[in-house]
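In: take this sequence and fold it.
(2 chains)
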Amino acid sequence: MPDAAMLEVKQLNSWYGESHILHGVDFDVREGEVVTLLGRNGAGKTTTMKSIMGLVPRREGSIRYRGAETVGYLPNAIAKAGIAFCPEERGIFASLTVNENLLLPPVVAPGGLDVDTIYALFPNLKERANTAQGTKLSGGEQQMLAIARILRTGARLLLLDEPTEGLAPVIVQQIGRTIREIKSRGFTVLLVEQNFRFAATVADRHYVMEHGRVVDMIPNTQLEASMDKLHEYLGV
Amino acid sequence: MITIFGIPGPLLFGQLLLGLINGAFYAMLSLGLAIIFGMLNIINFAHGALFMMGAFVAWMLLNYLGIGYFPALILAPVIVGIFGLICEKTIISPLYKLDHLYGLLLTFGMALVIEGLFRNAYGSSGMPYRIPDVFQGATDLGFMFLPNYRGWVVIAALIVCLATWAIIEKTFIGARLRAATENAPLVQAFGVNVPRLITLTYGAGVALAAFAGVLAAPIYSVNPNMGSNFIITVFAVVVIGGMGSILGSIVTGFALGVIEGLTKVFYPQGSATVIFLVMVIVLIVRPRGLFGKAA
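Out: Sure thing, here's the model as predicted:
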(Lines give C-alpha, C1' and ligand atoms only; values in the text may rest on other atoms or scores of the structure.)
Protein backbone atom coordinates (compact mmCIF):
# COMPACT_ATOMS: atom_id res chain seq x y z
CA MET A 1 0.00 0.00 0.00
CA PRO A 2 2.17 2.81 -1.24
CA ASP A 3 -0.20 5.54 -0.10
CA ALA A 4 -0.52 4.52 3.54
CA ALA A 5 1.40 6.89 5.81
CA MET A 6 4.48 5.25 7.33
CA LEU A 7 4.94 8.09 9.79
CA GLU A 8 2.02 10.19 10.91
CA VAL A 9 2.65 13.19 13.16
CA LYS A 10 -0.39 14.95 14.59
CA GLN A 11 -0.66 17.92 16.94
CA LEU A 12 2.88 17.40 18.17
CA ASN A 13 3.89 19.73 21.00
CA SER A 14 7.36 19.76 22.55
CA TRP A 15 9.04 21.62 25.36
CA TYR A 16 12.58 22.22 26.53
CA GLY A 17 12.07 23.11 30.17
CA GLU A 18 9.79 26.14 30.17
CA SER A 19 10.21 26.86 26.45
CA HIS A 20 7.37 25.60 24.31
CA ILE A 21 9.10 24.84 20.97
CA LEU A 22 6.61 22.89 18.85
CA HIS A 23 3.01 24.11 18.73
CA GLY A 24 1.01 21.36 17.09
CA VAL A 25 3.10 19.99 14.22
CA ASP A 26 1.20 17.95 11.60
CA PHE A 27 2.68 16.04 8.69
CA ASP A 28 3.08 12.55 7.33
CA VAL A 29 5.64 10.54 5.41
CA ARG A 30 4.67 7.69 3.09
CA GLU A 31 6.75 4.57 2.63
CA GLY A 32 9.51 5.03 0.06
CA GLU A 33 9.28 8.84 0.03
CA VAL A 34 11.98 11.40 0.67
CA VAL A 35 10.32 14.26 2.54
CA THR A 36 12.01 17.42 3.74
CA LEU A 37 11.30 19.83 6.55
CA LEU A 38 12.29 23.30 5.36
CA GLY A 39 12.35 26.45 7.40
CA ARG A 40 14.45 29.14 8.96
CA ASN A 41 16.73 28.65 11.94
CA GLY A 42 14.66 28.11 15.04
CA ALA A 43 11.52 27.05 13.17
CA GLY A 44 11.52 23.72 15.05
CA LYS A 45 12.87 21.32 12.40
CA THR A 46 15.54 19.70 14.56
CA THR A 47 13.21 19.65 17.55
CA THR A 48 10.66 17.80 15.40
CA MET A 49 13.26 15.14 14.61
CA LYS A 50 14.36 14.88 18.21
CA SER A 51 10.73 14.62 19.28
CA ILE A 52 10.16 11.72 16.89
CA MET A 53 13.21 10.00 18.43
CA GLY A 54 12.08 10.72 21.99
CA LEU A 55 15.08 12.94 22.65
CA VAL A 56 13.22 15.95 24.06
CA PRO A 57 12.36 16.26 27.75
CA ARG A 58 8.62 16.56 27.16
CA ARG A 59 6.37 15.92 24.16
CA GLU A 60 2.64 15.53 23.61
CA GLY A 61 0.40 14.73 20.67
CA SER A 62 0.63 11.77 18.36
CA ILE A 63 3.52 10.18 16.46
CA ARG A 64 2.36 7.00 14.76
CA TYR A 65 4.92 4.79 13.05
CA ARG A 66 3.39 2.03 10.92
CA GLY A 67 0.19 2.58 12.88
CA ALA A 68 1.75 2.22 16.35
CA GLU A 69 1.66 5.20 18.71
CA THR A 70 5.27 5.93 19.78
CA VAL A 71 4.86 9.22 21.61
CA GLY A 72 5.27 7.52 24.99
CA TYR A 73 8.21 5.33 23.96
CA LEU A 74 11.78 5.69 25.21
CA PRO A 75 14.36 6.43 22.48
CA ASN A 76 15.66 2.85 22.47
CA ALA A 77 12.13 1.50 21.88
CA ILE A 78 11.61 3.97 19.02
CA ALA A 79 14.86 2.80 17.42
CA LYS A 80 13.79 -0.82 17.89
CA ALA A 81 10.52 -0.01 16.08
CA GLY A 82 12.60 0.83 12.99
CA ILE A 83 13.41 4.54 12.99
CA ALA A 84 17.04 5.62 12.80
CA PHE A 85 18.49 9.06 13.45
CA CYS A 86 21.48 10.90 12.01
CA PRO A 87 21.92 14.00 14.16
CA GLU A 88 22.91 17.44 12.94
CA GLU A 89 26.19 17.36 14.88
CA ARG A 90 26.75 13.90 13.28
CA GLY A 91 27.46 12.25 16.62
CA ILE A 92 30.65 10.46 15.65
CA PHE A 93 32.33 9.06 18.75
CA ALA A 94 35.91 10.15 19.41
CA SER A 95 36.64 7.18 21.67
CA LEU A 96 35.62 4.67 18.98
CA THR A 97 37.48 3.69 15.83
CA VAL A 98 35.79 4.30 12.48
CA ASN A 99 34.86 0.64 12.29
CA GLU A 100 33.48 0.64 15.85
CA ASN A 101 31.43 3.73 15.01
CA LEU A 102 30.02 1.93 11.97
CA LEU A 103 29.12 -1.20 13.95
CA LEU A 104 27.83 0.62 17.04
CA PRO A 105 24.07 0.86 16.35
CA PRO A 106 22.50 -2.53 17.06
CA VAL A 107 20.60 -4.29 14.27
CA VAL A 108 16.90 -3.81 14.99
CA ALA A 109 15.39 -5.72 12.07
CA PRO A 110 16.51 -7.86 9.14
CA GLY A 111 16.92 -6.12 5.80
CA GLY A 112 19.68 -3.66 6.60
CA LEU A 113 22.64 -3.29 4.26
CA ASP A 114 25.63 -5.49 5.01
CA VAL A 115 29.05 -3.99 5.65
CA ASP A 116 30.33 -4.89 2.15
CA THR A 117 27.45 -3.06 0.48
CA ILE A 118 28.03 -0.07 2.76
CA TYR A 119 31.72 0.00 1.86
CA ALA A 120 30.77 -0.20 -1.82
CA LEU A 121 28.55 2.86 -1.31
CA PHE A 122 31.18 4.69 0.76
CA PRO A 123 34.61 3.64 -0.52
CA ASN A 124 36.36 6.34 1.57
CA LEU A 125 35.12 4.74 4.76
CA LYS A 126 36.67 1.41 3.85
CA GLU A 127 40.08 3.04 3.51
CA ARG A 128 39.67 4.77 6.85
CA ALA A 129 38.06 1.86 8.73
CA ASN A 130 40.95 1.44 11.17
CA THR A 131 41.35 5.12 11.98
CA ALA A 132 41.63 5.12 15.75
CA GLN A 133 39.32 8.06 16.40
CA GLY A 134 36.12 8.47 14.46
CA THR A 135 36.43 12.22 14.83
CA LYS A 136 39.77 12.23 12.96
CA LEU A 137 37.82 11.90 9.70
CA SER A 138 37.06 14.98 7.62
CA GLY A 139 33.65 16.58 8.01
CA GLY A 140 32.38 14.94 4.83
CA GLU A 141 33.67 11.53 5.84
CA GLN A 142 32.09 11.90 9.28
CA GLN A 143 28.77 12.71 7.63
CA MET A 144 29.08 9.64 5.38
CA LEU A 145 29.88 7.52 8.43
CA ALA A 146 26.91 8.94 10.32
CA ILE A 147 24.60 7.96 7.43
CA ALA A 148 26.34 4.64 6.75
CA ARG A 149 26.00 3.33 10.29
CA ILE A 150 22.21 3.66 10.31
CA LEU A 151 21.84 1.80 6.98
CA ARG A 152 23.11 -1.36 8.68
CA THR A 153 20.46 -1.60 11.34
CA GLY A 154 17.44 -2.63 9.31
CA ALA A 155 15.61 0.58 10.23
CA ARG A 156 13.44 1.63 7.27
CA LEU A 157 12.75 5.25 8.18
CA LEU A 158 15.86 7.43 8.33
CA LEU A 159 15.84 10.86 9.92
CA LEU A 160 18.69 12.95 8.49
CA ASP A 161 19.22 16.28 10.19
CA GLU A 162 21.00 18.74 7.87
CA PRO A 163 23.42 16.27 6.33
CA THR A 164 24.87 18.94 4.00
CA GLU A 165 25.57 21.56 6.63
CA GLY A 166 29.04 23.06 6.37
CA LEU A 167 30.23 20.73 3.61
CA ALA A 168 31.95 21.53 0.32
CA PRO A 169 29.75 21.47 -2.83
CA VAL A 170 31.39 18.31 -4.17
CA ILE A 171 30.60 16.49 -0.89
CA VAL A 172 27.06 17.85 -0.94
CA GLN A 173 26.60 16.32 -4.40
CA GLN A 174 27.93 13.03 -3.09
CA ILE A 175 25.43 13.11 -0.24
CA GLY A 176 22.68 13.86 -2.77
CA ARG A 177 23.68 10.77 -4.75
CA THR A 178 23.71 8.75 -1.54
CA ILE A 179 20.20 9.84 -0.61
CA ARG A 180 18.87 8.97 -4.08
CA GLU A 181 20.65 5.62 -3.83
CA ILE A 182 19.12 4.73 -0.46
CA LYS A 183 15.70 5.84 -1.72
CA SER A 184 16.10 3.48 -4.68
CA ARG A 185 16.81 0.71 -2.17
CA GLY A 186 13.41 1.31 -0.59
CA PHE A 187 14.42 3.36 2.44
CA THR A 188 12.15 6.19 3.52
CA VAL A 189 13.86 9.45 4.43
CA LEU A 190 12.81 12.46 6.45
CA LEU A 191 15.31 15.21 5.78
CA VAL A 192 15.84 18.51 7.56
CA GLU A 193 17.37 21.10 5.23
CA GLN A 194 18.16 24.78 5.15
CA ASN A 195 19.24 24.52 1.54
CA PHE A 196 16.09 24.02 -0.56
CA ARG A 197 18.07 23.92 -3.81
CA PHE A 198 19.71 20.77 -2.49
CA ALA A 199 16.39 19.49 -1.14
CA ALA A 200 14.84 19.90 -4.58
CA THR A 201 17.34 17.43 -6.05
CA VAL A 202 16.38 14.57 -3.73
CA ALA A 203 12.91 15.05 -2.27
CA ASP A 204 9.35 14.16 -3.28
CA ARG A 205 7.61 16.65 -1.02
CA HIS A 206 8.55 19.56 1.20
CA TYR A 207 6.95 20.69 4.42
CA VAL A 208 7.62 24.28 5.45
CA MET A 209 7.93 25.02 9.16
CA GLU A 210 7.52 28.37 10.89
CA HIS A 211 7.43 29.12 14.62
CA GLY A 212 6.98 25.50 15.66
CA ARG A 213 4.24 24.65 13.15
CA VAL A 214 3.99 23.18 9.67
CA VAL A 215 2.59 26.00 7.58
CA ASP A 216 2.69 24.58 4.06
CA MET A 217 3.32 21.49 1.96
CA ILE A 218 4.85 21.80 -1.50
CA PRO A 219 5.24 18.78 -3.81
CA ASN A 220 8.63 18.83 -5.46
CA THR A 221 6.94 19.06 -8.89
CA GLN A 222 5.45 22.43 -7.90
CA LEU A 223 8.61 23.79 -6.36
CA GLU A 224 9.47 26.00 -9.33
CA ALA A 225 5.98 27.48 -9.36
CA SER A 226 6.15 28.13 -5.62
CA MET A 227 9.48 29.95 -5.64
CA ASP A 228 8.11 33.33 -4.56
CA LYS A 229 6.20 31.81 -1.69
CA LEU A 230 9.24 29.80 -0.65
CA HIS A 231 11.55 32.82 -0.72
CA GLU A 232 9.15 34.55 1.59
CA TYR A 233 9.00 31.57 3.99
CA LEU A 234 12.72 31.10 4.12
CA GLY A 235 13.67 34.76 3.91
CA VAL A 236 16.29 34.14 1.25
CA MET B 1 74.40 -8.34 51.66
CA ILE B 2 73.52 -6.20 48.64
CA THR B 3 73.00 -2.55 49.40
CA ILE B 4 71.45 -0.03 47.04
CA PHE B 5 71.96 3.66 47.83
CA GLY B 6 73.12 2.47 51.24
CA ILE B 7 69.88 0.62 51.86
CA PRO B 8 69.98 -3.14 52.49
CA GLY B 9 68.51 -4.99 49.51
CA PRO B 10 65.93 -7.07 51.40
CA LEU B 11 64.53 -3.92 53.05
CA LEU B 12 64.29 -2.12 49.75
CA PHE B 13 62.71 -5.03 47.91
CA GLY B 14 60.42 -5.78 50.84
CA GLN B 15 59.02 -2.26 50.76
CA LEU B 16 58.87 -2.35 47.00
CA LEU B 17 56.74 -5.48 47.23
CA LEU B 18 54.51 -3.92 49.88
CA GLY B 19 54.15 -0.93 47.60
CA LEU B 20 53.27 -3.18 44.69
CA ILE B 21 50.61 -4.94 46.80
CA ASN B 22 49.07 -1.66 47.90
CA GLY B 23 49.36 -0.48 44.30
CA ALA B 24 47.43 -3.56 43.16
CA PHE B 25 44.54 -2.56 45.43
CA TYR B 26 44.76 1.09 44.39
CA ALA B 27 44.63 0.01 40.76
CA MET B 28 41.63 -2.32 41.14
CA LEU B 29 39.67 0.18 43.23
CA SER B 30 40.44 3.24 41.13
CA LEU B 31 39.65 1.25 37.97
CA GLY B 32 36.15 0.54 39.30
CA LEU B 33 35.74 4.16 40.32
CA ALA B 34 36.86 5.31 36.87
CA ILE B 35 34.39 3.03 35.07
CA ILE B 36 31.52 4.09 37.33
CA PHE B 37 32.42 7.76 37.03
CA GLY B 38 32.59 7.53 33.24
CA MET B 39 29.12 6.05 32.88
CA LEU B 40 27.18 7.39 35.87
CA ASN B 41 28.99 10.69 36.40
CA ILE B 42 28.90 9.82 40.06
CA ILE B 43 31.90 9.66 42.34
CA ASN B 44 31.14 6.43 44.15
CA PHE B 45 32.01 7.14 47.76
CA ALA B 46 30.59 3.75 48.72
CA HIS B 47 33.44 2.04 46.86
CA GLY B 48 35.53 1.44 49.98
CA ALA B 49 32.55 0.06 51.87
CA LEU B 50 31.78 -2.31 49.00
CA PHE B 51 35.42 -3.44 48.96
CA MET B 52 35.04 -4.18 52.67
CA MET B 53 31.78 -6.02 51.96
CA GLY B 54 33.65 -8.25 49.51
CA ALA B 55 36.09 -9.24 52.25
CA PHE B 56 33.26 -9.79 54.73
CA VAL B 57 31.21 -11.88 52.33
CA ALA B 58 34.27 -14.09 51.76
CA TRP B 59 34.69 -14.39 55.55
CA MET B 60 31.00 -15.21 56.04
CA LEU B 61 31.02 -17.78 53.23
CA LEU B 62 33.95 -19.50 54.94
CA ASN B 63 32.73 -19.30 58.52
CA TYR B 64 29.00 -19.87 58.05
CA LEU B 65 28.88 -22.06 54.96
CA GLY B 66 32.36 -23.56 54.79
CA ILE B 67 32.91 -22.16 51.30
CA GLY B 68 36.61 -21.61 50.72
CA TYR B 69 38.78 -18.94 49.20
CA PHE B 70 38.61 -19.77 45.50
CA PRO B 71 34.84 -20.13 45.22
CA ALA B 72 34.58 -16.94 47.31
CA LEU B 73 36.76 -15.14 44.77
CA ILE B 74 33.89 -15.63 42.30
CA LEU B 75 30.88 -15.70 44.65
CA ALA B 76 31.64 -12.63 46.77
CA PRO B 77 31.93 -10.28 43.74
CA VAL B 78 28.70 -11.75 42.35
CA ILE B 79 26.84 -11.27 45.64
CA VAL B 80 28.16 -7.77 46.26
CA GLY B 81 27.67 -6.95 42.58
CA ILE B 82 23.99 -7.89 42.84
CA PHE B 83 23.74 -5.73 45.94
CA GLY B 84 25.22 -2.92 43.81
CA LEU B 85 22.69 -3.51 41.02
CA ILE B 86 19.85 -3.24 43.52
CA CYS B 87 21.27 -0.04 45.03
CA GLU B 88 21.67 1.53 41.57
CA LYS B 89 18.13 0.61 40.53
CA THR B 90 16.44 1.74 43.73
CA ILE B 91 18.32 4.69 45.20
CA ILE B 92 21.09 5.92 42.89
CA SER B 93 19.30 6.12 39.52
CA PRO B 94 16.60 8.57 40.71
CA LEU B 95 19.42 11.08 41.31
CA TYR B 96 20.74 11.25 37.72
CA LYS B 97 18.49 14.19 36.92
CA LEU B 98 19.95 16.20 39.79
CA ASP B 99 23.33 17.79 40.37
CA HIS B 100 26.26 15.34 40.70
CA LEU B 101 26.71 16.46 44.25
CA TYR B 102 23.61 14.50 45.29
CA GLY B 103 25.07 11.25 43.98
CA LEU B 104 28.23 11.91 45.92
CA LEU B 105 26.29 12.62 49.10
CA LEU B 106 24.11 9.55 48.64
CA THR B 107 27.02 7.17 48.10
CA PHE B 108 28.85 8.75 51.04
CA GLY B 109 25.77 8.01 53.14
CA MET B 110 25.65 4.47 51.77
CA ALA B 111 29.25 3.97 52.89
CA LEU B 112 28.47 5.17 56.42
CA VAL B 113 25.41 2.93 56.68
CA ILE B 114 27.14 -0.18 55.34
CA GLU B 115 30.19 0.31 57.54
CA GLY B 116 27.99 1.08 60.54
CA LEU B 117 25.98 -2.10 60.07
CA PHE B 118 29.09 -4.26 59.89
CA ARG B 119 30.65 -2.49 62.87
CA ASN B 120 27.48 -3.15 64.86
CA ALA B 121 27.46 -6.82 63.99
CA TYR B 122 31.17 -7.65 64.07
CA GLY B 123 32.89 -4.90 66.05
CA SER B 124 35.89 -3.09 64.67
CA SER B 125 38.78 -5.17 65.92
CA GLY B 126 38.94 -7.29 62.75
CA MET B 127 38.83 -10.99 62.08
CA PRO B 128 41.53 -13.14 60.54
CA TYR B 129 41.11 -14.87 57.18
CA ARG B 130 43.54 -17.71 56.61
CA ILE B 131 45.78 -17.68 53.57
CA PRO B 132 44.67 -20.60 51.36
CA ASP B 133 46.95 -23.63 51.65
CA VAL B 134 48.32 -23.45 48.10
CA PHE B 135 49.69 -19.99 48.82
CA GLN B 136 51.22 -20.77 52.22
CA GLY B 137 54.93 -20.18 52.53
CA ALA B 138 57.35 -18.11 50.54
CA THR B 139 59.58 -18.43 47.51
CA ASP B 140 63.26 -17.51 47.52
CA LEU B 141 63.80 -15.20 44.58
CA GLY B 142 67.53 -14.92 45.25
CA PHE B 143 67.44 -11.28 46.24
CA MET B 144 64.47 -11.63 48.61
CA PHE B 145 61.81 -13.97 49.96
CA LEU B 146 58.46 -13.49 48.27
CA PRO B 147 55.45 -14.62 50.33
CA ASN B 148 53.48 -16.70 47.85
CA TYR B 149 50.13 -15.14 48.63
CA ARG B 150 51.43 -11.64 47.98
CA GLY B 151 52.84 -12.71 44.66
CA TRP B 152 49.43 -14.14 43.80
CA VAL B 153 47.68 -10.89 44.71
CA VAL B 154 49.88 -8.87 42.38
CA ILE B 155 49.39 -11.34 39.53
CA ALA B 156 45.63 -11.68 40.05
CA ALA B 157 45.22 -7.91 40.24
CA LEU B 158 47.23 -7.43 37.06
CA ILE B 159 45.16 -10.04 35.22
CA VAL B 160 41.87 -8.54 36.35
CA CYS B 161 42.95 -5.00 35.51
CA LEU B 162 44.22 -5.95 32.05
CA ALA B 163 41.13 -8.05 31.34
CA THR B 164 38.89 -5.13 32.32
CA TRP B 165 40.92 -2.78 30.14
CA ALA B 166 40.71 -5.21 27.19
CA ILE B 167 36.94 -5.62 27.57
CA ILE B 168 36.43 -1.88 27.55
CA GLU B 169 38.91 -0.96 24.82
CA LYS B 170 38.80 -3.95 22.49
CA THR B 171 35.34 -5.50 22.53
CA PHE B 172 31.99 -4.70 21.03
CA ILE B 173 30.29 -4.27 24.40
CA GLY B 174 33.18 -2.03 25.46
CA ALA B 175 32.62 0.14 22.38
CA ARG B 176 29.00 0.61 23.44
CA LEU B 177 30.15 1.54 26.91
CA ARG B 178 32.64 4.10 25.58
CA ALA B 179 30.05 5.53 23.22
CA ALA B 180 27.47 5.82 26.00
CA THR B 181 30.06 7.55 28.18
CA GLU B 182 30.50 10.11 25.40
CA ASN B 183 26.89 10.65 24.31
CA ALA B 184 24.34 8.52 26.14
CA PRO B 185 21.16 9.96 24.53
CA LEU B 186 22.40 9.23 21.00
CA VAL B 187 23.42 5.67 21.90
CA GLN B 188 19.95 5.18 23.37
CA ALA B 189 18.43 6.59 20.17
CA PHE B 190 20.29 3.82 18.29
CA GLY B 191 18.27 1.27 20.24
CA VAL B 192 20.63 0.48 23.13
CA ASN B 193 18.97 0.18 26.51
CA VAL B 194 21.26 2.72 28.16
CA PRO B 195 19.66 2.69 31.63
CA ARG B 196 20.30 -1.06 31.79
CA LEU B 197 23.86 -0.54 30.57
CA ILE B 198 24.38 1.97 33.38
CA THR B 199 23.01 -0.43 35.99
CA LEU B 200 25.25 -3.24 34.77
CA THR B 201 28.26 -0.92 34.73
CA TYR B 202 27.69 0.00 38.35
CA GLY B 203 27.32 -3.69 39.20
CA ALA B 204 30.57 -4.52 37.41
CA GLY B 205 32.49 -1.69 39.11
CA VAL B 206 31.17 -2.82 42.48
CA ALA B 207 32.05 -6.46 41.74
CA LEU B 208 35.60 -5.34 40.97
CA ALA B 209 35.78 -3.67 44.39
CA ALA B 210 34.46 -6.83 46.05
CA PHE B 211 37.02 -8.95 44.17
CA ALA B 212 39.75 -6.71 45.55
CA GLY B 213 38.16 -7.13 48.98
CA VAL B 214 38.44 -10.92 48.81
CA LEU B 215 42.08 -10.66 47.71
CA ALA B 216 42.70 -8.31 50.63
CA ALA B 217 41.04 -10.49 53.26
CA PRO B 218 44.06 -12.72 54.03
CA ILE B 219 46.49 -9.76 54.02
CA TYR B 220 44.67 -7.19 56.12
CA SER B 221 42.32 -8.27 58.85
CA VAL B 222 38.69 -8.35 57.78
CA ASN B 223 37.25 -5.32 59.53
CA PRO B 224 34.61 -2.69 58.84
CA ASN B 225 37.17 0.09 58.38
CA MET B 226 39.42 -1.63 55.87
CA GLY B 227 37.71 0.20 52.99
CA SER B 228 37.91 3.69 54.42
CA ASN B 229 41.63 3.19 55.08
CA PHE B 230 42.09 2.72 51.36
CA ILE B 231 39.51 4.91 49.78
CA ILE B 232 40.99 8.35 50.47
CA THR B 233 44.25 7.31 48.84
CA VAL B 234 42.31 5.77 45.96
CA PHE B 235 40.53 9.05 45.32
CA ALA B 236 43.92 10.73 45.11
CA VAL B 237 44.98 8.04 42.62
CA VAL B 238 41.90 8.72 40.49
CA VAL B 239 42.62 12.44 40.48
CA ILE B 240 46.27 11.88 39.57
CA GLY B 241 45.45 9.38 36.81
CA GLY B 242 42.68 11.54 35.37
CA MET B 243 39.00 11.16 36.11
CA GLY B 244 37.43 8.40 34.07
CA SER B 245 40.64 7.16 32.42
CA ILE B 246 40.82 3.35 32.41
CA LEU B 247 44.47 2.85 31.59
CA GLY B 248 45.35 5.87 33.71
CA SER B 249 43.86 4.39 36.85
CA ILE B 250 45.67 1.07 36.40
CA VAL B 251 49.10 2.56 35.74
CA THR B 252 48.73 5.28 38.35
CA GLY B 253 47.50 2.79 40.95
CA PHE B 254 50.53 0.54 40.68
CA ALA B 255 52.97 3.42 40.27
CA LEU B 256 51.76 5.28 43.34
CA GLY B 257 51.86 2.11 45.42
CA VAL B 258 55.50 1.72 44.48
CA ILE B 259 56.27 5.40 45.13
CA GLU B 260 54.67 5.05 48.54
CA GLY B 261 56.74 1.93 49.25
CA LEU B 262 59.98 3.61 48.22
CA THR B 263 59.19 6.62 50.37
CA LYS B 264 58.88 4.26 53.33
CA VAL B 265 62.49 3.22 52.71
CA PHE B 266 64.06 6.58 52.06
CA TYR B 267 61.94 8.93 54.11
CA PRO B 268 59.50 6.95 56.28
CA GLN B 269 57.86 10.04 57.78
CA GLY B 270 56.72 11.10 54.33
CA SER B 271 55.10 7.84 53.28
CA ALA B 272 51.61 8.80 54.45
CA THR B 273 51.62 12.08 52.57
CA VAL B 274 53.65 11.40 49.44
CA ILE B 275 50.62 10.45 47.32
CA PHE B 276 48.86 13.67 48.22
CA LEU B 277 52.00 15.61 47.44
CA VAL B 278 52.02 14.00 43.98
CA MET B 279 48.34 14.89 43.67
CA VAL B 280 49.01 18.54 44.43
CA ILE B 281 51.85 18.69 41.92
CA VAL B 282 49.78 16.98 39.21
CA LEU B 283 46.82 19.25 39.84
CA ILE B 284 49.05 22.31 39.48
CA VAL B 285 50.94 21.14 36.40
CA ARG B 286 48.24 19.11 34.64
CA PRO B 287 44.81 19.61 36.20
CA ARG B 288 43.10 16.99 34.06
CA GLY B 289 45.38 14.26 35.46
CA LEU B 290 48.23 12.33 33.86
CA PHE B 291 46.03 10.32 31.49
CA GLY B 292 42.93 12.52 31.43
CA LYS B 293 41.61 13.94 28.19
CA ALA B 294 41.07 17.66 27.92
CA ALA B 295 37.52 18.51 28.93
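
In: in chain A, which spans are helices?
Out: For chain A, the helices defined by DSSP state H cover A:45-53, A:75-81, A:98-103, A:115-121, A:123-127, A:139-151, A:169-184, A:196-202, A:227-234.

In: what comes up buried for the longest one?
Out: Along helix A:169-184, these residues count as buried under the neighbour rule (16 or more other Cβ atoms under 10 Å in any protein chain shown): A:171, A:172, A:174, A:175, A:176, A:178, A:179, A:182, A:183. Using the backbone N, CA and C atoms, a C-beta is placed for each residue, glycine as well.

In: just flag the most distant two among these.
Out: Greatest spacing in these, by Cβ to Cβ: A:171 and A:183 (18.8 Å).

In: hmm, back to that, okay, the helices of chain A, which one's buried deepest?
Out: Per-stretch averages of neighbours, counted by mean count of other Cβ atoms under 10 Å in any protein chain shown, single out helix A:45-53 among the helices of chain A, with a mean of 25.

In: quick one: that helix near chain B?
Out: Yes - contact between helix A:45-53 and chain B, assessed by Cβ under 8 Å from any Cβ of the partner chain, occurs at residue A:53.

In: who touches that helix?
Out: Under the contact criterion Cβ atoms under 8 Å, 6 or more residues apart in numbering or on different chains, helix A:45-53 has outside partners A:7, A:9, A:12, A:14, A:16, A:21-22, A:25, A:37-39, A:56, A:59, A:63, A:70, A:75, A:78-79, A:83, A:85, A:88, A:159, A:161-162, A:190, A:192, A:209, A:212, B:189.

In: show the contacting residues for the closest residue to chain B within chain A.
Out: Here the residue of chain A nearest chain B is residue A:79; by Cβ to the nearest Cβ that distance is 3.3 Å. By Cβ under 8 Å, 6+ apart, the residues touching residue A:79 are A:53, A:85, A:105, A:108, A:153, A:155, B:188, B:189, B:190, B:191.

In: separation between the second one and residue A:51?
Out: So the one you mean is residue A:85. Counting by Cβ to Cβ, to the nearest Å, the gap from residue A:85 to residue A:51 is 11 Å.

In: and what of the last one?
Out: Between residue B:191 and residue A:51 the computed distance is 18 Å (Cβ to Cβ).

In: next one: the fourth one
Out: Plainly put, residue A:108 is 20 Å away from residue A:51 if you go by Cβ to Cβ.

In: and chain B, which of its residues are near chain A?
Out: B:172, B:175-176, B:178-179, B:181-183, B:185-194.

In: hang on, residue A:23 packs against residue A:213?
Out: Yes - assessed by Cβ atoms under 8 Å, residue A:23 is found in contact with residue A:213 at 5.4 Å.

In: neighbour count winner among the two?
Out: The residue with more neighbours, out of residue A:23 and residue A:213, is residue A:213; 16 against 13, by other Cβ atoms under 10 Å in any protein chain shown.

In: quick check, the more buried one in contact with residue A:27.
Out: No - taking contacts as Cβ under 8 Å, residue A:213 lies outside contact range of residue A:27: 10.2 Å.

In: sorry, back to before: go through the contacts of helix A:45-53 and flag which are in strands.
Out: Among the contacts of helix A:45-53, DSSP state E puts A:7, A:9, A:12, A:14, A:16, A:21-22, A:25, A:37-39, A:59, A:63, A:83, A:85, A:159, A:161, A:190, A:192, A:209 in strands.

In: residue B:267: neighbouring residues, count only.
Out: Residue B:267: 10 surrounding residues under other Cβ under 10 Å.

In: for it, give me phi and psi.
Out: Main-chain dihedrals, residue B:267, degrees, to the nearest 10: phi -150, psi 70.

In: OK, contacts around it?
Out: Residue B:267 neighbours (Cβ under 8 Å, 6+ apart): none.

In: the least confident helix or strand in chain B by mean pLDDT: partners in the sheet, and parallel or antiparallel?
Out: Here the helix or strand of chain B ranked lowest by mean pLDDT, DSSP states H and E is strand B:3-4, holding a mean of 70. With DSSP bridges as the test, strand B:3-4 is paired with strand B:7-8 (antiparallel).
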